[in-house]
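Participant: sequence unknown, structure follows:
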């Protein structure tokens, strides 16, 4: 075996350990590890489909489905992952079979005895508790095998906290819980292990991971890499830019950083080294691009679907909020690569063709924006058919997509040599983008189906993924036969057989990719259950406020550090569940107490971003180890370099907490959207130049300082504008009626309230209360918020709060005081700050260019 083959084998082994299980047994065990994942995929497709309701058979409810889902995951965790490094990999020991069967029975207990458990809810028998305790211990062991010790340790710490509450320090003490109460709450209800996280894994995540596995098996991953390389390979540092784009596109179909690194890195890292990138930087670029692949909608690991449940907004709204930060993050990484290439005086690879005007215009931005435009075309250009043709529009669009598929397959058949090129071959020149693009355009059709179902049909993410997956099943079964029909390079029988093999193997690999996610969401559910059982969430508010001294920025920094530390050992999904459960309510609550209304989606994205950044944080960033193995570089140095590239991503969460326009919120027109996008992109590019120490030439310290100031001003223009024009006009609480009278329809009533809560602690918070649109008079508007007020001298007090009203949901209690009322001030738009800032940037650019010409850098 050559050294290159050895490296490739090591990398694939690393992926297996992290994602699919390191065992490759022989004989009967091998068949079991193929059949059980296949059955899991078929079960998930059946559960997601409308067929059970059409034929009225095999109908199971959400709780039963979660139980079966976890049973599959636990069984495969014990059979596919060896217990220790020294454990056999070519067979499955008897003890592992016993643990797998016992663990899967404990997980399936809710399904097998669902009726009996429902009839004795809250009064578990001794058998129930024994099964629950056994299941809990086996889940912890399955988690250790599939994901390593960190998540298991975190879950165990929370379990110890459950039972040891009375012995804890006063600040986090609670009355404790008995074994019966804890096991019943965590295992026999949907408050713990079988809670929202496993529900999302069952309903949404599995199908999207399966969809990605099918796309990969069909050849879409290789197609995305080749397209990116053909478009960008000729530029300075072209292979590195292609790696970034390919990883972003792979992020559309992959939820794993390490799988993303291996998929694109085996092709791009050697090419980056070829044009002059040192091994450390070549690996680091791939790490930074691949970890950020999880930021890219629509999949985002599993977090997008979890946010739907935790935040209570639609999937489309989550994607809308995540889109701009992901886009500018990738644009910045492309620019960092460009600056690295400029510093080193690199050139791109040669191209043997003369580019047309269209090919010259194709770039990174148009590649990524092309997908956005594709989504817009589907929504606006095709969505009208729904209005015109009604329900029959779905059949019409299905027919159009089918015709387009056959036509694109026929087109692709002429250019298959461009698609099937050996990725390990020595490439000396950039392939022609035209034929490369045409060789797999039909791979975009499943994404068209997915976007259509999500945005036009308004299906749930699970049902949308089901139809997109079924279309991928159709593609896997038909693409090879159709290609052989058009190009006559393979017999029809062989092509059909190979298509069937591709389908079955993708079903198996999709399920094996889900083992880690399945047990991770279940183990993270232990943490969620402990929080609801012990009430530690309320304690965390006081703890964090004490540590941060009430400072919002320090509180966010504290949350970011927790996410990074936990994320070093936890998968992104589990890290997100744990930290968001503990910290998201705390940040929103403390922000409100200090007059800052932070949208819940912004906090959840904040936590998610820092969880992702932990994937390349030394010393345990697996993505960095995989990239270093391919690049033959030091993994720690590769991880550190990757993290320095990712600093640009680290500032984004802080910016969108204070400027929610970056999440596409509070944008009132198309030109306002364009202004927001352009300013954010420029801000990120200037930050990249500042942190890289190079723009047109090497930057001086004062230029770095000015670039950072420009970055901050473009991201947060309101910071300066608020000092010139205060954003609000505060009035005494007794003038609440006057303030309510002046509000326009749709503007909330903004109040500062204070008083004692049920625990006897004094609370002061800033709240926004929406009033009913039909309310006309000030009194009606106030009443529609749920407040019943009384005036006591110079004070306005809350006499009563209506149940389930906006005021009650905001946490206002009776006898609280309305200390002040805020009205939005009339002032010029804050974006006027951009004028002097962009002038300063232009002067800096002129000075840099002048010096660069003198030094011969241009």
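Facilitator: That came through, no problem. Predicted model, so just to flag it, every value in this text is computed and none were measured. Numbers count the residues shown, from 1 in each chain.
Participant: so residue 607 sits in a strand?
Facilitator: No. Read with DSSP: H, G, I helix; E, B strand; the rest coil, residue 607 is helix and lies in no strand.
Participant: Just the pLDDT for it.
Facilitator: Looking at residue 607, its pLDDT reads 84.
Participant: tally of neighbours for it?
Facilitator: 27 (other CB atoms under 10 Å). Bear in mind the C-beta positions are built from the backbone N, C-alpha and C, glycine included.
Participant: for this structure, longest helix please?
Facilitator: Scanning the chain for the longest helix, with DSSP state H as the assignment, gives helix 315-344.
Participant: I'd like the distance from stretch 652-667 to the chain centre, please.
Facilitator: 17 Å (CA atoms, centre = their mean, to the nearest Å).
Participant: now stretch 493-508
Facilitator: 31 Å.
Participant: Just the buried residues of it, please?
Facilitator: Within stretch 493-508, the residues scored as buried using 16 or more other CB atoms under 10 Å are 495, 496, 498, 499, 502, 503, 505, 506, 507, 508.
Participant: Of the residues you listed, just say which sits nearest to residue 692.
Facilitator: Closest to residue 692 out of these is residue 506 (40.6 Å), distances taken as CB to CB.
Participant: Quick check: residue 193 is in a helix.
Facilitator: No. Under three-state DSSP, residue 193 falls outside any helix and is assigned coil.
Participant: for it, what are its contacts?
Facilitator: 70, 135, 136, 139, 186, 187, 522, 523, 525, 526, 529 (CB atoms under 8 Å, 6 or more residues apart in numbering).
Participant: what's the angle from the helix or strand residue 258 falls within to helix 315-344?
Facilitator: Using DSSP states H and E, residue 258 falls within helix 257-274. Orientation check (axes from the mean of the first three to the mean of the last three CA atoms, to 10 degrees): helix 257-274 against helix 315-344 gives 20 degrees.
Participant: In terms of secondary structure, what does helix 257-274 contact?
Facilitator: On a contact count with 3 or more CB pairs under 8 Å, 6 or more residues apart in numbering; DSSP states H and E, helix 257-274 meets helix 3-15, helix 220-232, helix 238-250, helix 279-291, helix 622-631.
Participant: among those, which gets the worst mean confidence?
Facilitator: The minimum mean pLDDT among the helices and strands packed on helix 257-274 belongs to helix 3-15 (a mean of 53).
Participant: ok so, going back, what's the most distant pair in the buried residues of stretch 493-508?
Facilitator: 495 and 508 (20.6 Å).
Participant: Put together a markdown table for the helices and strands packed on helix 257-274, with mean neighbour count and distance to residue 481 on each row.
Facilitator: Shown next, in a markdown table, are these (neighbours: other CB atoms under 10 Å; distance: least, CB to CB, whole Å):
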| stretch | mean neighbour count | distance to residue 481 |
| --- | --- | --- |
| helix 3-15 | 14 | 30 |
| helix 220-232 | 25 | 18 |
| helix 238-250 | 30 | 27 |
| helix 279-291 | 31 | 34 |
| helix 622-631 | 28 | 35 |
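Participant: that older thread, list the helices and strands the longest helix of the chain packs on?
Facilitator: helix 238-250, helix 279-291, helix 303-311, helix 364-376, helix 600-613, helix 647-658, helix 670-692.
Participant: so after the longest one, what's the next helix or strand?
Facilitator: Looking back up the chat, that one is helix 670-692. helix 701-715.
Participant: Now do the buried residues in that following helix.
Facilitator: 703, 704, 706, 707, 708, 710, 711, 712, 713, 714, 715.
Participant: and the gap between the third one and residue 699?
Facilitator: So that's residue 706. Residue 706 is 9 Å from residue 699, where distance means CB to CB, to the nearest Å.
Participant: can you check the fourth one too?
Facilitator: Here residue 707 is placed at a distance of 7 Å from residue 699 (CB to CB).
Participant: Find residues that contact each of the two.
Facilitator: When contacts are counted by CB under 8 Å, 6+ apart, residue 707 and residue 699 are jointly contacted by 689, 690.
Participant: Are there helices or strands packed against whatever helix or strand residue 510 lives in, and which ones?
Facilitator: In the assignment (DSSP H and E), residue 510 maps to helix 492-513. Secondary-structure packing of helix 492-513 (3+ CB pairs under 8 Å, 6+ apart): helix 27-48, helix 62-80, helix 206-218, helix 461-487.
Participant: Quick one: mean pLDDT over the shortest one.
Facilitator: Averaged across helix 206-218, the pLDDT comes to 86.
Participant: same thing with the first one?
Facilitator: Across helix 27-48, pLDDT averages out at 93.
Participant: for that helix, which positions count as buried?
Facilitator: Applying 16+ other CB under 10 Å to helix 27-48 flags 29, 32-34, 36-38, 40-41, 43-45, 47-48 as buried.
Participant: In TSV, list the residues you listed along with distance to residue 449.
Facilitator: Conversion of those to TSV gives the following (distance: CB to CB, whole Å):
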residue	distance to residue 449
29	37
32	34
33	31
34	28
36	29
37	24
38	24
40	23
41	19
43	22
44	18
45	15
47	20
48	15
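Participant: residues contacting residue 588?
Facilitator: So residue 588 contacts 598, 600, 603 (CB under 8 Å, 6+ apart).
Participant: For the residues you listed, give me a markdown table that also has neighbour count, pLDDT and distance to residue 797.
Facilitator: Output for the contacts of residue 588, formatted as a markdown table (neighbours: other CB atoms under 10 Å; pLDDT from 0 to 100; distance: CB to CB, whole Å):
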| residue | neighbour count | pLDDT | distance to residue 797 |
| --- | --- | --- | --- |
| 598 | 20 | 83 | 28 |
| 600 | 17 | 86 | 29 |
| 603 | 23 | 88 | 31 |
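Participant: Nearest to residue 744 among those residues?
Facilitator: Out of those, the member with the shortest distance to residue 744 (by CB to CB) is residue 598, at 23.4 Å.
Participant: separation between that closest one and residue 187?
Facilitator: 34 Å.
Participant: How about residue 776?
Facilitator: Distance from residue 776 to residue 187, by CB to CB: 53 Å.
Participant: now residue 131
Facilitator: 8 Å.
Participant: any idea of the mean pLDDT for stretch 730-740?
Facilitator: Throughout stretch 730-740, pLDDT has a mean value of 87.
Participant: And for stretch 699-712?
Facilitator: For stretch 699-712, mean pLDDT rounds to 92.
Participant: Quick one: distance of it to the chain centre.
Facilitator: The answer for stretch 699-712 is 31 Å, by CA atoms, centre = their mean.
Participant: Which residues outside it are in contact with it?
Facilitator: Contacts of stretch 699-712 (CB under 8 Å, 6+ apart): 651, 683-684, 686-687, 689-690, 693, 695, 719, 837, 840-841, 844, 847-848.
Participant: Those residues, buried ones only, as a ChimeraX selection?
Facilitator: Selection command for ChimeraX covering only the buried members of those, criterion 16+ other CB under 10 Å:
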select :651,683,684,686,687,689,690,695,837,841,844,848
